[in-house]
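Trainee: A structural model of the following input is requested.
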Amino acid sequence: MKGRTQATSYAEKARLPAQAGKNPPAVILVEPQLAENMGTAARAMMNTGLDDLRLVDPKQDWLNEKAIGAASGADRILENAKCFKTVDEAMADLDLIYAATARQRDMIKPLMTGRAAAADMRTQAGAGRKMGVLFGREKDGLSNEEISKANAIIEVPLNPEHSSLNLAQAVLLVGYEWFQAGYDGPEEMLTLNKASPASQKMMQDLFDHLERELIVSGFLRDEERRPSMMINLRNLLKRAELTEQEVRTLHGVITELRYGRRPDRPKRQPGYKADDE
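Mentor: Numbering: from 1, shown residues only. Okay, here's the model as predicted:
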């Protein structure tokens, strides 16, 4: 199938172009209330390749046990976080600001989905511009004044009956779109774990075994149609992308269908040997 490759996970095959990690946007949390929220936001950042965490007047210590525990291994993000008194100070060195909010505002300002914003950020990052994304308070989000400082608004399309997100979810959604905009790996994979794909010889032996038994059974009794029927069966099995173990199993299935264990089945002929035996 198009785009399919073999791997155990997307993480194993993820490939990011050289510019993928260049100038990632800063995550600016405005007056975060709970240490756990700062920790889970840091975790979401590390999941999605973001590392610049800026805290505006946080209400709890972002390095306490609750924050570290919630970060689940993303301690480095918290340890390197910068603390500011105001939003203006937090974004002073940035060229572009995006405000993440789900609330409608009476402002004439570009409104982007997370995906559109991520594509725009990638373009801006390629031009060397520094960016940041504002995330509001857990209870009431960003103020109109804070949103007015942004160049654009990010609004993730969600169920209009319930579109509110917690802080870490919002960071993860925006970060995910940023990461995906630079992702250069496969879109589809065949997970083999530790199994090995069947070789061409193994597949040919399976086709030969199947054809012999289908002739004996009478299924391929029409000699004129036999080649086209075998081509159809070959294509079917090739699409399955069988492993070595699956081929051995199918050899066993074909053999058992021919001889089986039931008393009404013919006895296995002397010298019979399936290709996998």
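
Trainee: just for this protein, where's the confidence low?
Mentor: Scanning the chain for pLDDT under 70 picks out the ranges 1-21, 104-105, 190, 192, 260-262, 265-266, 268-277.

Trainee: Show me the helices in it, by range?
Mentor: For the chain, the helices defined by DSSP state H cover 10-13, 35-47, 65-71, 75-79, 87-90, 114-126, 144-148, 167-181, 200-217, 226-239, 244-258.

Trainee: and the gap between R225 and F207?
Mentor: 17 Å (CB to CB, to the nearest Å). Any C-beta I mention is one placed from the backbone N, CA and C, and that applies to glycine too.

Trainee: Between those two, tell me which one has more neighbours.
Mentor: Ranked by neighbour count (other CB atoms under 10 Å), R225 and F207 place F207 first, with 16 against 10.

Trainee: Skipping adjacent residues, who's closest to E138 in space?
Mentor: Nearest non-adjacent residue to E138, counting by CB to CB, 6 or more residues apart in numbering: Q33, 5.0 Å away.

Trainee: whoops, I147 was the one
Mentor: With CB to CB, 6+ apart as the criterion, I147 has its nearest non-adjacent residue at 4.7 Å, and that residue is A99.

Trainee: okay, now Y176: neighbour count?
Mentor: Y176: 19 neighbours (other CB under 10 Å).

Trainee: In contact with it, which residues?
Mentor: Counting by CB atoms under 8 Å, 6 or more residues apart in numbering, Y176 touches 47-48, 114.

Trainee: What of L172?
Mentor: Contacts of L172 by CB under 8 Å, 6+ apart are 44, 47-48.

Trainee: how about 6 Å then?
Mentor: Shown in contact with L172 (CB atoms under 6 Å, 6 or more residues apart in numbering): A44.

Trainee: From L96, how far off is it?
Mentor: For L172 relative to L96 (CB to CB), the value is 21 Å.

Trainee: gap between the nearest residue to D93 once chain neighbours are set aside and A99?
Mentor: Leaving aside its chain neighbours, D93 sits nearest to K130 (6.5 Å; criterion: CB to CB, 6+ apart). K130 sits 16 Å away from A99, taking CB to CB as the criterion.

Trainee: So those two - more neighbours on which side?
Mentor: The residue with more neighbours, out of K130 and A99, is A99; 26 against 16, by other CB under 10 Å.

Trainee: wouldn't the more buried one be in contact with V133 here?
Mentor: No: in this structure, A99 is not within contact of V133 by CB atoms under 6 Å, at 7.6 Å.

Trainee: neighbours around V171, how many?
Mentor: By other CB under 10 Å, 27 other residues sit near V171.

Trainee: which residues does F135 bridge with?
Mentor: Beta-bridge partners for F135, by DSSP bridges, are L29, A100.

Trainee: how much space between the residue nearest to M38 when sequence neighbours are not counted and G132?
Mentor: Nearest non-adjacent residue to M38, counting by CB to CB, 6+ apart: W62, 4.5 Å away. Going from W62 to G132 by CB to CB gives 17 Å.

Trainee: Brilliant, that's me finished.
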